[in-house]
Every structure is written in structure tokens, then in C-alpha cells.
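next come a sequence and a model predicted from it.
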Amino acid sequence: MNANTKEKIIVIIPARMGSSRFPGKPLAPILGRPMIEHVYRRTEMCTLLSGVYVATCDEEIRLAVKKFGGNVIMTSPLHQRASDRVAEAAQTLSADIVVMVQGDEPLVTPQMIAKSVVPLLERTDCFCVNLVQRIENADDFEDPNTIKVVMDRTGNAIYFSREPIPTRRILGFDKLQTYKQVCIIPFFKEMLFRFNELSPTPLEQAESIDMLRVMEHGYKVQLVESPDKTQSVDTLADLKKVEILMQQDLLSKKYL
């Protein structure tokens, strides 16, 4: 796979100021730059991409993205799910594959995006793909901000939850293979629109996880293990962890 792939691939980064757990999160500073800028600049380093866009309903975010020279698309303030915001933005853009990269993944790498789209480049029957990463400690496993996922023998998701799954009551955490969702999610563009047309589902609403809508309507979510370790930002403590990691990160030195 290289930059000459025939599929036109774009990234859309959904971002909003009204996060319930961390209001104003996209503009939280990391090493002097807003978090959304780190996500954008690291994403656009992927040579497979034809374009990178931020989708937002907030003027503060639009101004911040324009200030660092990024592309931004204004969307409705009524969306409850990031995937719905991305689908609205994608209506105005030319693409075969749309990769949703959440705005709270400031350690995203070009390799992560490149690996995430492989199943779509190799298959046409794939609804969407999720990157996953091994959970390395029990605290992360118990954290409701960490979206856990279990998979079948062919790499398709069985279930996503904010609860610790699978149970560690029998084997214990050290003997389990546990995975968390990394919010880099590629769709074929037409599948993204189909997702947007699907009605919200009970498990999606109970867990507040977009991908459960896909699964409850009978579609499969292909999982791919991330080639790089990452740290999403859900709390101020996460932000501090990321800032420490980014000080040693070679990729960030290319734009800071």
C-alpha cells in the first residue's frame, strides 16, 4: 500500500466544545498548541490522504483551526454522536473512504491511519474498521472512559462496553487478552451515510458508543490492532500524561 492507491481517502476530525467530561477539550493546550492542532498536523502526515478536515458546530474551534491553517466544516449543533457529525461533513466532500479520527487522539500517527484502512482497500464487504490497542493495566481496564472491546476469531467485534469485558473474575486480569477502542474509524463513504440513516439503538444509547448502532443493525465491525501506542484524552489527568509523552515524541518535533 502506498500513496498511489486508487481510492480517495480523507480524514474528518469531529470536535465540539461541549464534552460532558471535559468541556472545551479540543482547545486544551498541549505544549503550547491546542489539542485539535496536534491531531490535525499528525494526521495530515499520512501520505495516503487527499485531505484533512475538522467538523465542528463551535465558532471557537473554527477560529482555532483557521488560525493554524486547517480546513474546517461547520455542522449542526444537534448531533449526539461523532459519526453523525462526520457524515454531515462528508456530504460536501469527494472521497471513497472517510476516516473518522476523534479530536481527543493527540498521539495519532500516520502509520495508525494507514493500517486502519487496509481492510477497506482489500475488501468491499466491510462496513467499517476500528483500531484497537491492548490494555496494559487494570486501572485502564476498570476506567469507564476506556471503551473496551471483545472480538471473535476472525477479528470482528463481538461487543463494545465501558464496563470491564471480558470478566476477570475467573482468570484474573493478568491472564486475559483485553483491548480498548482507539478512535480511528474508517468507513466507505456510502457506509458512513448508511450508518447515519440507521436508527439509534438501545445498546448504543446505554453505553454511549457509536459502533453498537452498527452491530445492533446486524453489520460487522472489523478490528485492527494499532501499530503504535496511543493515549486518548478524557480527563485533565490524561492531558498531563499526553504532554509528558509528547515531550519525548519524535513526530511532534516535526511541527512544534
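Good, I have the coordinates.

what's the spacing between stretch 31-45 and its chain's center?
Centroid separation for stretch 31-45 versus its chain: 14 Å, with C-alpha atoms, centre = their mean, to the nearest Å.

got the end-to-end distance for it?
End-to-end distance for stretch 31-45: 19 Å, by C-alpha to C-alpha, to the nearest Å.

repeat for stretch 17-33
16 Å.

count of residues packed around residue 192?
When neighbours are counted by other C-beta atoms under 10 Å, residue 192 registers 25. (Each C-beta comes from the backbone N, C-alpha and C, glycine too.)

can you check residue 190 too?
Neighbourhood size, residue 190 [other C-beta under 10 Å]: 10.

which element is it on?
helix 189-197 (DSSP states H and E).

list of residues touching that helix?
83-84, 86-88, 90-91, 95-98, 127-128, 187, 210, 213-214 (C-beta atoms under 8 Å, 6 or more residues apart in numbering).

thought residue 121 was touching residue 7?
Yes - taking C-beta atoms under 8 Å as the definition, residue 121 is a contact partner of residue 7 at 6.2 Å.

what is in contact with the two at once?
Counting by C-beta under 8 Å, 6+ apart, the residues touching both residue 121 and residue 7 are residue 97.

more crowded one of these two?
Between residue 121 and residue 7, residue 121 has the larger neighbour count (other C-beta under 10 Å), namely 18 against 14.

heading C-terminal from the strand or helix carrying residue 141, find the next helix or strand.
Using DSSP H and E, residue 141 sits in helix 138-142. Moving toward the C-terminus from helix 138-142, the next helix or strand (DSSP H and E) is strand 148-151.

listing partners with orientation, what would you give for that next one?
strand 157-161 (antiparallel), strand 179-182 (antiparallel) (DSSP bridges).

need the ones you listed in JSON lines with mean neighbour count and distance to residue 70, can you?
Written out in JSON lines, the entries for the strands paired with strand 148-151 read as follows (neighbours: other C-beta atoms under 10 Å; distance: least, C-beta to C-beta, whole Å):
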{"stretch": "strand 157-161", "mean neighbour count": "19", "distance to residue 70": "30"}
{"stretch": "strand 179-182", "mean neighbour count": "24", "distance to residue 70": "22"}
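
ok, which of these comes nearest residue 29?
Of all the strands paired with strand 148-151, it is strand 179-182 that lies closest to residue 29, at 22.9 Å by C-beta to C-beta.
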